[in-house]
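Trainee: Below are the sequence and a predicted model for it; my questions follow.
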There are 4 protein chains.
Amino acid sequence: MEDQGREQATPEVQDRIRASFERQGLMAHLGARLSHIGSGQVHIVLPARPEVTQQHGYFHAGATSAIADSAGGYAAFTLFPENTSVLTVEYKVNLLAPAEGEHLEAVGKVLRSGRTLTVCQLEVFGVQGTQRSLVAAGQQTLICIEARAEQ
Amino acid sequence: MEDQGREQATPEVQDRIRASFERQGLMAHLGARLSHIGSGQVHIVLPARPEVTQQHGYFHAGATSAIADSAGGYAAFTLFPENTSVLTVEYKVNLLAPAEGEHLEAVGKVLRSGRTLTVCQLEVFGVQGTQRSLVAAGQQTLICIEARAEQ
Amino acid sequence: MEDQGREQATPEVQDRIRASFERQGLMAHLGARLSHIGSGQVHIVLPARPEVTQQHGYFHAGATSAIADSAGGYAAFTLFPENTSVLTVEYKVNLLAPAEGEHLEAVGKVLRSGRTLTVCQLEVFGVQGTQRSLVAAGQQTLICIEARAEQ
Amino acid sequence: MEDQGREQATPEVQDRIRASFERQGLMAHLGARLSHIGSGQVHIVLPARPEVTQQHGYFHAGATSAIADSAGGYAAFTLFPENTSVLTVEYKVNLLAPAEGEHLEAVGKVLRSGRTLTVCQLEVFGVQGTQRSLVAAGQQTLICIEARAEQ
């Protein structure tokens, strides 16, 4: 899955993901953006700023988790058939180190893709210049449901 | 723990929690506020608005989790000794139903309080008028560390 | 759910649960037995013996989790329609204290019951005489699938 | 960590792990054995037999989790200083596919090693002849505590 995920998804899939991402008010409000849409693998970047911090000035676990959750959700969504939607069933995340850096990069990768349920691996890296260190890791379960009108 | 948690914590503890909460840039940015500080139990409210939504207009799992994580962290913190800090080690959350309503209320409750580690139960309710329904449930592990200068 | 779960399930449901439990080779091998079958709530007891220990002589986390997983699975199963099966999608458990006592009692309770997915709360108590203390707590996701011939 | 983990740990570390494993009554009772002890990576094998099954004849999630938990615990323990013990704080596991095969192999790998807490990645494979497929994946938090007399 990893090698496959490094390549760009088809333009149709990319459009579908971008359209959905743009409807997520929270991602825009946090300042997050999609940085890679591969087949079964999606990356989301979140630049550092005071609006996403916890009490010690690091990225808040809630912000770290929010981009991890969206990255995993969209990674799953790249493999779903047309006219379906994705919902997060649950996820678990370990905060491994203080989340700091110029930006965070969340990487969601499909670990197993089923007809109903998909399981993703979640990783979040703190990036400072050329340095990149793992700050959070998790696992997520998603469900594929019949499409709903998305307005 | 439940009955105890319904009562207000001491003014000193409340001040400590409020001071820390106000340093969390993310909570202000999302529009979240503390609604109850009991001993081992903290509630956080998040009003509905477009800035906290996912692609279908419901509260984003990241926003739901962010207030759950903070509620649990502060619930643990109410029981910590002076000159300590709280960090989330990990948490797991199930999104049980579409998170909707006028506002969400996250309830963090200490399940077990140890010298080093504390475990909290996390619940998030969607509130519409007098209706209150459980939209997310989780469990969280926190660590007590020696205080750091908090600016 | 709690009050409802204290009462015995219908004889048909109890028979269905017992028949399935008896097919779980692991439960017999560990020495576990069903101690309560309520509607949406199932209890399983595991007596202490050297065959279920970890390196310090306490109950092994794997034994603790095994009965918690089965208790939650059967709690979900009590609410499933005829001709369906239950599978664990995932679970998370915190080991809160050394698991000791004459026996452990696992309590699985349905937190939310959906058509496809069910979420259960898991608790395990160490019981010594009249003393009963919480040694593990968790949360579990289960899926309802069409029945398979169970032989 | 992965490459490093493939190599055998020092004889001293291997002895320490084997001695602890042999005190785990549950592992012997299930029929599990250590198949690899690397630095930060431990494998445990569990042969198929009726004593470890669930109601459909597959490996029980409790058995799958038990060897995953022990593999992760010992992976962490290989990196701990002398005169310490390891305890599982919590873990989460997704059951990705029916667990079947001649045997299961659980692989525990240290993801992050801290002074107090260690986080491990857990994987369990079903092995049939030369085929090896991922049946479970999880994540685990462990704590390093001062040694206790282990007898």
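Mentor: Looks like it arrived, so ask away.
Trainee: quick one, the helix or strand harbouring A:Tyr74 and helix B:61-77 angle?
Mentor: In the assignment (DSSP states H and E), A:Tyr74 maps to helix A:61-77. Going by axes from the mean of the first three to the mean of the last three CA atoms, to 10 degrees, helix A:61-77 is angled at 150 degrees with respect to helix B:61-77.
Trainee: For chain A, what lies in contact range of chain D?
Mentor: Within chain A, the positions near chain D by CB under 8 Å from any CB of the partner chain are A:92, A:94, A:96-97, A:111-112, A:119, A:121, A:134, A:137-139, A:141. Backbone N, C-alpha and C define where each C-beta goes, glycine included.
Trainee: Among those residues, name the buried ones.
Mentor: A:92, A:94, A:96, A:111-112, A:119, A:121, A:137-139, A:141 (16 or more other CB atoms under 10 Å in any protein chain shown).
Trainee: tell me the two of those residues that are most distant?
Mentor: The most widely separated members of these, counting by CB to CB, are A:Leu96 and A:Arg112 (23.1 Å).
Trainee: In strands only, show me the buried ones among the residues of chain A next to chain D.
Mentor: Among those, the members falling in strands (DSSP state E) are A:92, A:94, A:111-112, A:119, A:121, A:137-139, A:141.
Trainee: Now narrow the buried ones among the residues of chain A next to chain D to whatever sits close to chain B.
Mentor: A:92, A:94.
Trainee: Dump the buried ones among the residues of chain A next to chain D to TSV, plus distance to C:Gln41 and pLDDT.
Mentor: TSV is the format used below for those (distance: CB to CB, whole Å; pLDDT from 0 to 100):
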residue	distance to C:Gln41	pLDDT
A:Lys92	24	98
A:Asn94	31	98
A:Leu96	36	97
A:Leu111	32	97
A:Arg112	31	97
A:Val119	28	98
A:Gln121	33	98
A:Ala137	34	98
A:Gly138	30	98
A:Gln139	27	98
A:Thr141	24	98
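Trainee: Distance to chain C added to the buried ones among the residues of chain A next to chain D, as JSON lines?
Mentor: What follows is those, written out as JSON lines (distance: CB to the nearest CB, whole Å):
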{"residue": "A:Lys92", "distance to chain C": "6"}
{"residue": "A:Asn94", "distance to chain C": "11"}
{"residue": "A:Leu96", "distance to chain C": "17"}
{"residue": "A:Leu111", "distance to chain C": "12"}
{"residue": "A:Arg112", "distance to chain C": "11"}
{"residue": "A:Val119", "distance to chain C": "8"}
{"residue": "A:Gln121", "distance to chain C": "13"}
{"residue": "A:Ala137", "distance to chain C": "14"}
{"residue": "A:Gly138", "distance to chain C": "11"}
{"residue": "A:Gln139", "distance to chain C": "8"}
{"residue": "A:Thr141", "distance to chain C": "6"}
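Trainee: Could you pull out the strands in chain A for me?
Mentor: Counting by DSSP E, the segments of chain A that form strands are A:33-38, A:41-47, A:84-95, A:103-113, A:117-128, A:131-146.
Trainee: and those as JSON lines, adding distance to A:Gln24?
Mentor: Compiled in JSON lines, the strands of chain A are given as follows (distance: least, CB to CB, whole Å):
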{"stretch": "strand A:33-38", "distance to A:Gln24": "10"}
{"stretch": "strand A:41-47", "distance to A:Gln24": "10"}
{"stretch": "strand A:84-95", "distance to A:Gln24": "12"}
{"stretch": "strand A:103-113", "distance to A:Gln24": "13"}
{"stretch": "strand A:117-128", "distance to A:Gln24": "17"}
{"stretch": "strand A:131-146", "distance to A:Gln24": "15"}
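Trainee: isn't A:Thr78 right next to A:Gly38, touching?
Mentor: Yes: contact status for A:Thr78 versus A:Gly38: in contact at 7.2 Å, counting by CB atoms under 8 Å.
Trainee: And the closest residue to A:Arg18 other than its chain neighbours, what's its pLDDT?
Mentor: Residue nearest to A:Arg18 in three dimensions, not counting chain neighbours: A:Leu34, with 6.5 Å by CB to CB, 6 or more residues apart in numbering or on different chains. pLDDT recorded at A:Leu34 is 98.
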